[in-house]
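Peer 1: Just to be clear, the model below is a prediction. Sequence and coordinates:
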Amino acid sequence: MYKMFIEFFLARPGRLSAIGRAAFHLSGIILLIGLCGRIATVGVSAMQGVGGARPYVSSFALLSPSLPTWRVPESFLGYGACVLVAALGLLLVQMGKAIDTAIG
């Protein structure tokens with residue numbers, strides 16, 4: 001199975017670069033969504049703190065309980081995973097370029 005997988009990318013290294021670019025862009029979009037969620041959480045918490053009615057909202061999932069927020073990074077671990085996927089994407093792009101130049 002691995003042999004077929006490797007031959008698939010060696011036949012056209014552009015596929016490897018395309019997967020790397022997609023991973024890089026997807027992780028960038030997820031990081032931006034997480035940043036927007038963090039800004040919304042802090043903004044709502046600040047407004048609630050001024051009013052003094054309720055305790056502050058600590059997570060984006062509590063702010064919008066009807067939305068699926070499992071893919072929005074809210075902690076250091078989530079942001080670290082997104083950065084790791086972005087680095088992996090850049091690595092795949094570089095590997096695809098290197099394979100392409102080596103094959104000719």
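Peer 2: Happy to help now that I have it.
Peer 1: ok, now how distant is the spatially most central residue of the chain from residue 11?
Peer 2: Centroid check for the chain by CA atoms, centre = their mean gives residue 27 as the closest residue, at 2.5 Å. Distance, residue 27 to residue 11, using CB to CB, to the nearest Å: 27 Å. In short, each C-beta sits where N, CA and C put it, glycine included.
Peer 1: got the CA coordinates for the lowest-mean-pLDDT helix or strand in the chain in CSV?
Peer 2: In the chain, no helix or strand scores lower on mean pLDDT, DSSP states H and E than helix 60-63, which sits at a mean of 71. This file holds the C-alpha atoms of helix 60-63, laid out as CSV (Å, rounded to 0.1, in the frame of the first residue of the first chain):
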residue,chain,number,x,y,z
PHE,A,60,-16.3,30.4,22.3
ALA,A,61,-18.5,27.2,22.7
LEU,A,62,-20.3,28.9,25.6
LEU,A,63,-20.7,32.1,23.5
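Peer 1: Which other helices and strands does the following helix or strand past that helix contact?
Peer 2: Next helix or strand after helix 60-63 toward the C-terminus (DSSP states H and E): helix 76-103. With contacts taken as 3 or more CB pairs under 8 Å, 6 or more residues apart in numbering; DSSP states H and E, helix 76-103 sits against helix 2-11, helix 13-51.
Peer 1: Please work out which of these is packed deepest.
Peer 2: helix 13-51 (a mean of 15; mean count of other CB atoms under 10 Å).
Peer 1: Run the angle between it and helix 2-11 for me.
Peer 2: 100 degrees (axes from the mean of the first three to the mean of the last three CA atoms, to 10 degrees).
Peer 1: burial count for residue 86?
Peer 2: By other CB atoms under 10 Å, the residues close to residue 86 number 19.
Peer 1: related to what we said a few turns ago, would you single out the least confident of the helices and strands packed on helix 76-103?
Peer 2: Among those, helix 2-11 carries the lowest mean pLDDT, a mean of 83.
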